Each structure stands twice: as C-alpha cells, then as structure tokens.
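> Quick one, fold the following:
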Amino acid sequence: MRNLIRIAVIVCLTALLCSCASVSVVDTWRNPSLRGNRLHKVLVVSFARKETSRAVSEDTLAGELRKHGVDAVASYSILSQATIPDWHALDRAVRSTGAEGIITVQTIKVERQTTVQPGGVASPYPGYWYPPAFPDWDFPGYYRSMALYGPSYVTTYDIATIQVNLFDVGSDKLLWAGTLQTLEPENVTKVGKDLADKVVKSLQKERLI
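Below you'll find the model as predicted:
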C-alpha cells in the first residue's frame with residue numbers, strides 16, 4: 001500500500017512539474033556602454049538544425065514581440081533556404097527589412113542527467129539472498145519491510161542550454177544576452193512559448209523594446 005501511495009505522489013509531482021514553465025533563466029547581461037532608443041523593428045534568427053524547429057522558434061518569438069509593439073520578422077520568411085544562410089545572405093536580409101536589431105536563438109549544448117529517488121528507509125530485511133539473516137526472518141516482517149522500503153526510482157532526462165542574443169544593427173555590437181535552460185528540449189512548441197515570454201519580459205525590463 002505504501003508503495004502505491006509513493007508511486008501516486010511521484011506521478012502527481014511529475015504532472016505538477018510538467019505543468020510549470022519549461023524554461024528557466026540562468027543569467028542575463030546588458031551592455032552598459034550602449035544606450036539608445038528602444039528598438040521598434042527586429043529580425044529573429046534561430047540557428048536550429050531542423051527547418052521546422054527553426055520556423056516554430058522564430059514565429060513564436062516574433063509573435064510575442066509583436067504583442068508588445070515590436071515589428072518582428074522571422075528570418076525564414078524572407079530567406080527560403082532550409083538551412084541557415086551564409087553571412088552575406090543574412091546581412092542582405094537584415095538591410096532589406098530595415099531592422100534595428102537582430103535576435104539570435106541557439107541551443108549551445110544538451111546534457112544527459114540522471115537522478116535516483118530512494119525507495120524509503122532501510123530495514124533489517126535486505127530483500128535479496130542473504131543467508132546469515134534467514135534465521136531471523138518471518139513473513140510479516142519481510143512484507144512490511146518491502147512495503148516500507150520498496151525500490152528506488154531512476155529518472156533520466158536532458159537539459160538543454162539556450163543562448164539568446166540581441167545585436168544592434170547600427171553598431172553590430174551585442175546589446176543584450178540571455179542564457180536559459182529547459183528540461184524539455186524535444187517539446188519545441190512549449191519551449192518556444194516559454195522562452196519567448198521570458199526573453200520579451202527581460203528586454204522590456206532593460207528598456208530595449
């Protein structure tokens with residue numbers, strides 16, 4: 001029974017965690033030497049390897065920026081290449097849109113993490129072949145120890161680190177940078193929405209948009 005209760009608790013906690021934001025902000029930086037007017041038009045460029053992931057990332061961030069009065073353009077909409085274009089093609093796209101800033105999004109690393117959740121407190125019944133303990137065993141004690149102790153739970157997951165940069169087109173200098181992490185790198189849509197929300201809030205706080 002206790003094992004069942006433990007499993008139910010773990011399931012509930014997992015569901016709660018999944019319902020929370022999938023992206024967390026690790027750190028942000030604002031260039032103190034560049035001060036100017038807020039940006040009104042930006043080009044959003046995702047360096048995702050997959051074309052669909054790139055489109056989702058750019059569309060989501062551009063859409064969130066537009067909600068806050070910024071004329072944002074997704075780079076894939078004006079650059080038809082399935083992969084990231086070369087520098088000259090990108091530079092021409094920036095100039096053609098009249099963008100004042102460029103926001104880049106790139107996953108810089110993905111790490112595999114493993115956590116072990118202990119099954120419970122230790123008991124005098126080891127639950128495996130242990131001859132010296134056999135004379136003291138009885139079924140009620142063995143059953144209670146297994147219900148109390150139970151197995152350990154091993155969880156393996158990926159942590160993706162994402163770098164978001166905002167460059168000033170006029171000077172080509174870095175205006176703002178943010179490092180974010182997610183436990184759901186495969187959930188492109190959800191990660192894109194959470195990332196867009198956090199990036200836009202940070203840019204507003206810094207009065208860049």
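> Can you say which helix or strand has I162 in it?
Using DSSP states H and E, I162 falls within strand 153-168.
> Show me which positions of stretch 105-113 end up buried.
Buried residues in stretch 105-113, defined by neighbour count with 16 or more other CB atoms under 10 Å: V105, T107. For the C-beta atoms, the positions are set from N, CA and C on the backbone; glycine is no exception.
> what residues does that stretch touch?
44-48, 57-58, 61, 156-164, 185, 195 (CB atoms under 8 Å, 6 or more residues apart in numbering).
> Counting neighbours, which of those end up buried?
44-46, 48, 57-58, 61, 160-164, 185, 195.
> Mind putting those into a markdown table with pLDDT?
As requested, the buried ones among the contacts of stretch 105-113 are arranged in a markdown table below (pLDDT from 0 to 100):
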| residue | pLDDT |
| --- | --- |
| V44 | 94 |
| V45 | 91 |
| S46 | 91 |
| A48 | 86 |
| S57 | 93 |
| E58 | 94 |
| L61 | 96 |
| A160 | 90 |
| T161 | 93 |
| I162 | 93 |
| Q163 | 94 |
| V164 | 94 |
| P185 | 82 |
| L195 | 94 |
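> what's the closest of those residues to L203?
Each of these was scored against L203 by CB to CB, and V164 proved nearest at 9.5 Å.
> For K173, see how far away the closest residue to F167 other than its chain neighbours is.
In this structure, F167 finds its nearest non-sequential neighbour in I102, 4.6 Å apart by CB to CB, 6 or more residues apart in numbering. I102 sits 11 Å away from K173, going by CB to CB, to the nearest Å.
> What strands flank the helix or strand encompassing Q113, and is each parallel or antiparallel?
Applying DSSP H and E as the criterion places Q113 in strand 101-117. Sheet partners assigned to strand 101-117 using DSSP bridges are listed as strand 41-46 (parallel), strand 153-168 (antiparallel).
> Can you pull the poorly scored residue ranges out of this protein?
Residue ranges of the chain with pLDDT under 70: 1-21, 80-85, 116-153.
> Could you pull out the strands in the protein for me?
Taking DSSP state E, the strands of the chain run over residues 23-30, 41-46, 71-74, 101-117, 153-168, 174-182.
> Can you get me a residue count around the residue lying closest to E184 once chain neighbours are set aside?
Distances taken as CB to CB, 6+ apart put S22 closest to E184, at 4.5 Å, once the chain neighbours are dropped. S22 has 19 neighbouring residues, counting by other CB atoms under 10 Å.
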